[in-house]
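> For reference, the sequence and a predicted model appear below.
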Amino acid sequence: MEYAIARRRMVERQIVAKGIQDPLVIEAMKRVPRHRFVEEALWAQAYGDYPLPIGDKQTISQPFMVALMTQALELRGGEKVLEIGTGSGYQAAILSQIASRVYSVERISRLARRARQVLDEIGCTNVNIKLSDGTIGWESEAPFDGIVVTAGSPKVPSHYLEQLTIGGRLIIPVGGRGSQVLKCIVRQSSDEFKEENLLGCRFVPLIGKDGWSEGEGGL
Ligand code: SAH
């Protein structure tokens, strides 16, 4: 009950007051119990305006960033969406409230297992999780109406562009290891893409074949 109140306040002050307008995103943020995606010792902080540690040097993103990325996908319901970087599973849970099918890839097995467990417990049955290097996307399930990458990449991996439907949208932080620009790339035809910069951001690194190598430096 007290978490429901904290969640409502989070949506008012961090989501709506900061300019998120999509009613489907606002509803999803009101519904999903964010505290369940962090360890119990952090439940009291789960509705604060910041990322939180989830172990293995990874973080659950700031609520506003989750809302902004979801809004940028422009989902209307019924879509098939790919997320790279399952982490806690929270972003996948938000997507699962709007899209009809969510595919999410995580490279760290403990996180993938934990996310699966929480998503099952709260009844998100339309999320599929795969343990793999997500820099190559999810070929066998492509194409996707939306792809959201929740780790920072040195470049836009070509597999993501290839795995978008025409009209599909890719939301991805691109830049250095420590800070990036969040980009929205729309596939306009089989070989035309429109790119827009949304805002500056700081995500943990996307590590893999088309991303950073583990322990690699960078800006
Ligand atoms: N969306 C998550 C945020 C997780 S942080 C949430 O809502 O909690 C980013 C995640 O991306 C980390 O869990 C990290 O392990 C994962 N990651 C980094 N590189 C990856 C790759 N190549 N493939 C899949 N997951 C990756």
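Arrived safely, thanks for sending.
> Going by C-alpha atoms from here, please, whenever you check contacts or count neighbours.
Will do.
> how about the residues of the chain that lie near the ligand?
58-61, 84-91, 105-108, 132-135, 150-151, 204-208 (CA under 6 Å from any ligand atom).
> Helices - which of the residues you listed land there?
Mapping the residues of the chain next to the ligand onto helices (DSSP state H) picks out 90-91.
> Which residue ranges of this structure form helices?
2-10, 23-31, 63-72, 90-98, 109-121, 158-162.
> Would you mind finding the most buried of the ones you listed?
helix 90-98 (a mean of 26; mean count of other CA atoms under 10 Å).
> Alpha carbons of that helix, as CSV, please.
Taking C-alpha atoms only, helix 90-98 is exported to CSV below (Å, rounded to 0.1, in the frame of the first residue of the first chain):
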residue,chain,number,x,y,z
TYR,A,90,11.9,-3.4,-15.0
GLN,A,91,12.0,-1.8,-18.5
ALA,A,92,10.8,-5.1,-19.9
ALA,A,93,7.8,-5.1,-17.5
ILE,A,94,6.9,-1.5,-18.6
LEU,A,95,7.1,-2.5,-22.3
SER,A,96,5.0,-5.6,-21.6
GLN,A,97,2.1,-3.5,-20.4
ILE,A,98,1.9,-1.8,-23.8
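> Report the distance from that helix to the chain centre.
8 Å (CA atoms, centre = their mean, to the nearest Å).
> And the contacts of it?
24-25, 28-29, 32, 34, 37, 60, 66, 70, 75-79, 81, 83, 86, 102, 104, 115, 119, 124, 126-127 (CA atoms under 8 Å, 6 or more residues apart in numbering).
> quick one on the thing from earlier: would you list the helices of the chain in CSV and tack on mean pLDDT and distance to residue 212?
Output for the helices of the chain, formatted as CSV (pLDDT from 0 to 100; distance: least, CA to CA, whole Å):
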stretch, mean pLDDT, distance to residue 212
helix 2-10, 96, 33
helix 23-31, 98, 31
helix 63-72, 98, 22
helix 90-98, 98, 22
helix 109-121, 98, 19
helix 158-162, 98, 15
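> so which of these comes closest to residue 42?
Of all these, it is helix 2-10 that lies closest to residue 42, at 12.3 Å by CA to CA.
> Leaving out sequence neighbours, find the closest residue to residue 46.
residue 35 (4.9 Å; CA to CA, 6 or more residues apart in numbering).
> what's the pLDDT at the one you found?
Residue 35 carries a pLDDT value of 98.
> Can you tell me how far it is from residue 92?
14 Å (CA to CA, to the nearest Å).
> what does residue 137 give?
15 Å.
> Give me the below-cutoff pLDDT ranges for this protein.
By pLDDT under 70, the weakly predicted segments of the chain are 1, 216-219.
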